[in-house]
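Enquirer: just to be clear, the model below is a prediction. Sequence and coordinates:
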Amino acid sequence: MLNDITIYTDGAASGNPGPGGYGVLLISGKHRKELSGGFRITTNNRMELLAVIKGLEALKFQGSNVTVYTDSRYVADAVTKGWLFQWEKRGFKKKKNADLWIRFLKIYRQHNVKLVWVKGHANNPGNERCDQLAVEAYKSGDLLEDTGYDPITENRIDM
């Protein structure tokens, strides 16, 4: 029997766009694992979504019961309100971050995932730790290129 897994996530960007990072805290029983990474130029929403993806991709067993805590309304609402599945049906036409949403869906469907929105900067220890990891990651100087970030489509106004 698989343990239930709790994942806390956060993304951050200094400027939007600007340098950014993600932080993830995975908890399963007595086990804890932290993940983080930083990028030279990206957006806050990309980092929020990438944090969830990285957390789910780190799971060892398919079919895990996972509760993901995020302070991103963008991520939580897209899934819980069903918008993401409508975007998918329309081929993500005119949607920002399609590359990450497609990657998210692939790993999301391998597990039993519940997304829960939490208020950011509200003394939630898991969320606060992930925020710290995300900020440290983009301040580290060891930054990757966010190859999916496109400043042309990012500045487009979606209707």
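Expert: Ah, there it is. Numbering: from 1, shown residues only.
Enquirer: what about the strands in this structure?
Expert: 5-13, 18-28, 31-42, 65-70, 112-117 (DSSP state E).
Enquirer: please work out which of those is packed deepest.
Expert: Ranked by mean neighbour count, the strands of the chain are led by strand 5-13 with a mean of 27 (mean count of other CB atoms under 10 Å). The way it works is simple: take the backbone N, C-alpha and C, and place the C-beta from them, glycine included.
Enquirer: using CSV, lay out the strands of the chain together with mean pLDDT and distance to Arg90.
Expert: Formatted as CSV, these follow (pLDDT from 0 to 100; distance: least, CB to CB, whole Å):
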stretch, mean pLDDT, distance to Arg90
strand 5-13, 98, 25
strand 18-28, 97, 27
strand 31-42, 97, 25
strand 65-70, 98, 24
strand 112-117, 97, 21
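Enquirer: which one of these lies closest to Leu49?
Expert: Among these, strand 5-13 comes nearest to Leu49, with 7.2 Å by CB to CB.
Enquirer: so what are the sheet partners of that closest one and their directions?
Expert: Under the criterion DSSP bridges, strand 5-13 sits next to strand 18-28 (antiparallel), strand 65-70 (parallel) in its sheet.
Enquirer: Asn112: which of those strands is closest?
Expert: strand 65-70 (4.8 Å).
Enquirer: just want the angle from the closest one to strand 112-117.
Expert: Going by axes from the mean of the first three to the mean of the last three CA atoms, to 10 degrees, strand 65-70 is angled at 20 degrees with respect to strand 112-117.
Enquirer: run through who's touching strand 65-70.
Expert: Residues outside strand 65-70 that contact it (CB atoms under 8 Å, 6 or more residues apart in numbering) are 2, 4-10, 48, 51-52, 55-56, 59, 76, 111-118, 124, 126-127.
Enquirer: excluding chain neighbours, what is closest to Glu34?
Expert: Leu25 (5.6 Å; CB to CB, 6 or more residues apart in numbering).
Enquirer: any idea what the one you found is bridged to?
Expert: Tyr8, Glu34.
Enquirer: so who does it touch?
Expert: Ile7, Tyr8, Thr9, Arg32, Lys33, Glu34, Gly126, Arg129, Cys130, Leu133.
Enquirer: now the residues you listed as TSV including distance to Glu88?
Expert: Compiled in TSV, the contacts of Leu25 are given as follows (distance: CB to CB, whole Å):
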residue	distance to Glu88
Ile7	22
Tyr8	26
Thr9	21
Arg32	33
Lys33	29
Glu34	30
Gly126	29
Arg129	32
Cys130	27
Leu133	29
